[in-house]
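Enquirer: Mind folding the following:
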Amino acid sequence: MESWQEKIKITDMKAGTFKGLIRHLYCEKLELTEEIASELLGIADQYLLPELRKVCEEYLVECLTFENLAQRVEEAEFYQAQILREGAIVFTIKNLEMLSRSEEKDKLSKEFIVAVIKRLSQQR
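Expert: Purely as a prediction, here's the structure:
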């Protein structure tokens, strides 16, 4: 007979990420940080949780900075996160002059740069 006291070991996510996942599933409330939102985006992708995915993408867009732009673009491309990708494009266009003087631009993928250029050409 199985005991209710057996433990289940979760090894594919951190404790804070797991707590966020459980809160979302049972309460639809999240207390996000950038790190947890980033990790939950991967979990939402893995377990096909579209509402969680949307919340995480929107939060990550709000947190965009020059320092984390390349990482967020990489996540957007990896998870095909359209909200995050679109937010990164808009952020880049709004801050193009400052970004052009920053070394962070060198970390952006060629695909993303092409998307920004296409968007700029559509706006003219």
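Enquirer: Beyond the helix or strand of the chain with the lowest mean pLDDT, next helix or strand please.
Expert: Within the chain, confidence by mean pLDDT, DSSP states H and E is lowest for helix 15-27 among all helices and strands, at a mean of 69. Toward the C-terminal end, the helix or strand that comes next after helix 15-27 (DSSP states H and E) is helix 34-46.
Enquirer: what comes into contact with that following helix?
Expert: When contacts are taken as C-beta atoms under 8 Å, 6 or more residues apart in numbering, the neighbours of helix 34-46 outside the stretch itself are 13-14, 16-17, 20-21, 24, 30, 32, 49-50, 52-53, 56-57, 59-60, 63, 68, 71, 75, 79, 81, 84. All C-beta atoms are positioned from the backbone trio N, CA, C, and that covers glycine.
Enquirer: one more time with 7 Å
Expert: For helix 34-46, the external contacting residues (C-beta atoms under 7 Å, 6 or more residues apart in numbering) are 13-14, 16-17, 20-21, 52-53, 56-57, 59-60, 63, 75, 79, 81.
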